[in-house]
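> Whatever this is, show me its structure:
(one chain, ligands or ions: 1)
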Amino acid sequence: MDEFKFFGRRKGRKIRKAKTSLLERFLPHLQISENSVISPQLFDIPVERVCLEIGFGGGEHLAGVSLLYPHTGFIGAEVFQNGIANLLSLITGIKQNSQVPDGIKLLPERTDNIKIYSDDVRKLFNRIPDGMLDTVFLLFPDPWPKNRHANRRFVNPDNLVELARIIKRGGTLLIATDHPVYKRWTLEQMHNHPSFIWTAQKSDDWRNPPADWVETKYQQKAIREGRRPVFLEYRRL
Ligand SMILES: C[S@@+](CC[C@H](N)C(=O)[O-])C[C@H]1O[C@@H](n2cnc3c(N)ncnc32)[C@H](O)[C@@H]1O
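Now for the predicted structure:
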């Protein structure tokens, strides 16, 4: 039996043909397999630092930030197949109605700085060496707002122990949420954790995203629906 029970969706609407081709033919080039050794050498180009995005959804932030920082390696973890297909579409420029060429390539303006873990990130944690990561992004995690589902929330003592181990000293954990229950929960969980300190000095520091921010789909939805997201940045002590 699986050590970790996953409560989200692995598959959604039927994936169109072009995106299916991307999953079948291009994902294997970027995918972290059971045999991959997790280190900065995982990437096919030399990288100055490595970041992790947990639950990248449709990949908007991951695609954007990896373009902004071509010499940083990004590991993206996501279980939702449709989301992975969307990321592949963003980084290759192959849209769902496009003709898929024989040799699928990254868009020419990109470096080869993304690797994808297409399963529950908790299974990857124990393969990541201590202090390897510069920044971890956890953007709009499923809030599981009901009390009886609190143990499903990603920010929890077990995951924080792992995050504290794999983020380097002085590194960053960035958590964004638009849900008041998750915000309160995160502030409380993080306050109780001895390895992280909240960097906010004034309210603008958590009300506004960092300067080089790339909006995610959930963030745009929250704003459309009148919810104001918060951006909680923690430094690894
Ligand atoms: C609410 S969505 C947010 C997606 C994206 N970050 C955004 O802001 O648009 C949460 C995502 O986290 C993914 N997720 C949840 N738990 C995960 C886990 N343990 N490992 C990998 N992905 C996970 C889900 O599949 C889902 O796509």
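> Give me the nearest residue to residue 12, chain neighbours excluded.
residue 82 (4.4 Å; CB to CB, 6 or more residues apart in numbering). For the C-beta atoms, the positions are set from N, CA and C on the backbone; glycine is no exception.
> Surely that neighbour and residue 10 touch.
No. With contact defined as CB atoms under 8 Å, residue 82 does not reach residue 10; the gap is 9.4 Å.
> who's more crowded, these two?
residue 82 (19 against 13; other CB atoms under 10 Å).
> Now do the more buried one against the ligand, distance only.
Counting by CB to the nearest ligand atom, to the nearest Å, the gap from residue 82 to the ligand is 9 Å.
> near the ligand, which residues of this structure show up?
Contact residues (CB under 6 Å from any ligand atom) of the chain with the ligand: 8, 54-58, 77-80, 83, 120-122, 139-142, 154, 216-219.
> Walking through the chain, point out its strands one by one.
49-54, 72-77, 114-117, 133-139, 167-177, 196-198, 230-236 (DSSP state E).
> And the closest residue to residue 207 other than its chain neighbours, what's its pLDDT?
Nearest non-adjacent residue to residue 207, counting by CB to CB, 6+ apart: residue 230, 6.5 Å away. Note on residue 230: pLDDT of 97.
> again, but for residue 1
For residue 1, the model assigns a pLDDT of 55.
> which intervals of the protein have sub-threshold pLDDT?
Residue ranges of the chain with pLDDT under 70: 1.
> Pick out the residue nearest the middle of it.
residue 53 (2.2 Å; CA atoms, centre = their mean).
> what's near enough to touch that residue?
Residue 53 makes contact with 61-62, 65, 74-77, 136-137, 139, according to CB atoms under 8 Å, 6 or more residues apart in numbering.
> What distance do you get for it to residue 117?
The gap separating residue 53 from residue 117 is 10 Å, by CB to CB, to the nearest Å.
> go on, residue 158?
Relative to residue 117, and taking CB to CB, residue 158 is found at 18 Å.
> And residue 190, by the same measure?
Taking CB to CB, one finds residue 190 at 24 Å from residue 117.
> between those two, which one's more packed in?
residue 117 (23 against 18).
> wait, the more buried one sits on residue 79?
No. Checked against CB under 8 Å, the pair residue 117 and residue 79 is beyond contact range at 9.2 Å.
> Surely residue 132 is in contact with residue 42?
No. Residue 132 is beyond contact range of residue 42, at 9.9 Å (criterion: CB under 8 Å).
> Find the residues that touch each one of these two.
Common neighbours of residue 132 and residue 42 (CB under 8 Å, 6+ apart) are residue 50.
> Give me the more crowded residue out of those two.
More crowded of residue 132 and residue 42, by other CB under 10 Å: residue 132, with 19 against 15.
> And that one, how close does it get to residue 163?
12 Å.
> same deal with residue 138?
9 Å.
> Likewise for residue 103?
For residue 103 relative to residue 163 (CB to CB), the value is 38 Å.
> Residue 174 now?
With CB to CB as the criterion, residue 174 and residue 163 are 11 Å apart.
> got any residues that touch both of these two?
residue 136.
> Same drill for the two, tell me which one is more crowded.
Legend: neighbour count by other CB under 10 Å for residue 174 and residue 163, higher for residue 163 (25 against 19).
> mind listing what the more buried one touches?
Per CB under 8 Å, 6+ apart, neighbours of residue 163: 136, 173.
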